[in-house]
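Participant: Just a sequence and a predicted model for now, questions to come.
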Protein chains: 2
Amino acid sequence: MLGQDDDGCCPALLTAPMDEGQAVGLAKVFKALGDPVRLRLLSMIASRAGGEICVCDLTPAFDLSQPTISHHLKLLKQAGLIDSERRGTWVYYRLLPEMTDRLAAILADRPNAPESEARAHA
Amino acid sequence: MLGQDDDGCCPALLTAPMDEGQAVGLAKVFKALGDPVRLRLLSMIASRAGGEICVCDLTPAFDLSQPTISHHLKLLKQAGLIDSERRGTWVYYRLLPEMTDRLAAILADRPNAPESEARAHA
DNA sequence: TTTCTGTATCGATGTCTGTCTATGCAAGCT
DNA sequence: AGCTTGCATAGACAGACATCGATACAGAAA
């Protein structure tokens, strides 16, 4: 979905000029992250112990209507950042770490970057 | 600008619920990345040998007007992703790797992530 | 100074997006 | 069956955004 380069992994963002198609795919994911509400939703989902959280726990955390929250969750899901599963009455959302890992790799892979030690925490 | 946590480095996105202020700041940066044209501009700037590129080399690479390219460059600059310098007639843009490194660290730092080996390339 | 070229800003316009209310659907309960 | 609750979808609307042409500004050259 993001557009693959030769090694079948990730489109190069910072090390080589990106073509239109790759840019469109990658922009979709970043656009999904470009809203404070969706960022907080993703944060609540990812940080939840157990790896998943019920929509019923997400909705009351915001000063927004339930359909609005549902809409944002849909966009995050379409971006490949989260997935959902219905269990009985409730729907649970969980992080898809493959996507965030991929974005991290794309952003860390730049010319002259320290080899495998580009993480700012270190 | 992104909102700092206790260690003075990065807001936690995936390991702890993010507060409103942090989310607003971080969303601004991701929103800047959420457009195919800006992504390609950033890619051309970052991948350029020498670390910088003239606007005069960027503009003709797109099927867009010069003011539109200028506008996108402004947004990338306001997001802290690039910086510019005028030298004579021409203006040169360069990547600010601190910001992309920061985003990479934020996205790589998730619960149960393999220690310092979260890069998808490996 | 005048002119020319490269870049940024301004104002207008069409499209996209975040939000709402109203409604539909799914699942459990009585 | 009917009711109730949790979540998603549909349609509407205001504000934001990408794009354009026109114009202003900066620097070099004549």
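Facilitator: The structure has been received and is ready for your questions.
Participant: Surely residue A:85 is within a strand?
Facilitator: Yes - counting by DSSP: H, G, I helix; E, B strand; the rest coil, residue A:85 is located in a strand.
Participant: Just give me the neighbour total for the residue nearest to it when sequence neighbours are not counted.
Facilitator: The shortest distance from residue A:85 to any non-neighbouring residue, by Cβ to Cβ, 6 or more residues apart in numbering or on different chains, is to residue A:92 (5.4 Å). (Each C-beta comes from the backbone N, C-alpha and C, glycine too.) For residue A:92, the neighbour count with other Cβ atoms under 10 Å in any protein chain shown is 19.
Participant: isn't there a strand covering residue A:14?
Facilitator: No - if the criterion is three-state DSSP, then residue A:14 is coil and not within a strand.
Participant: if I pick it, what's in contact with it?
Facilitator: Residue A:14 makes contact with A:106, A:107, A:109, A:110, A:111, B:42, B:43, B:46, B:47, B:95, B:100 under the criterion Cβ atoms under 8 Å, 6 or more residues apart in numbering or on different chains.
Participant: Please repeat the previous calculation with a cut-off of 7 Å.
Facilitator: Residue A:14 makes contact with A:109, A:110, A:111, B:43, B:46, B:47, B:95, B:100, according to Cβ atoms under 7 Å, 6 or more residues apart in numbering or on different chains.
Participant: Looking at these, which has the smallest pLDDT value?
Facilitator: Ranked by pLDDT, these bottom out at residue A:111, which scores 90.
Participant: Now do the same contact list for it.
Facilitator: Counted by Cβ under 7 Å, 6+ apart, residue A:111 has contacts A:14, A:15, B:47.
Participant: go on, residue A:20?
Facilitator: With Cβ under 7 Å, 6+ apart, residue A:20 has these contacts: residue B:36.
Participant: Out of the contacts of residue A:14, which is nearest to DNA strand C?
Facilitator: residue B:95 (15.4 Å; Cβ to the nearest atom of the strand).
Participant: Isn't that closest one up against residue B:82?
Facilitator: Yes - between residue B:95 and residue B:82 there is a contact at 5.9 Å, judged by Cβ atoms under 7 Å.
Participant: now chain A, which segments are flagged as low pLDDT?
Facilitator: A:1-9, A:115-122 (pLDDT under 70).
Participant: Assess the claim that residue A:52 and residue A:94 are in contact.
Facilitator: Yes - at 4.1 Å, residue A:52 counts as touching residue A:94 under the criterion of Cβ under 7 Å.
Participant: Cheers, nothing more for now.
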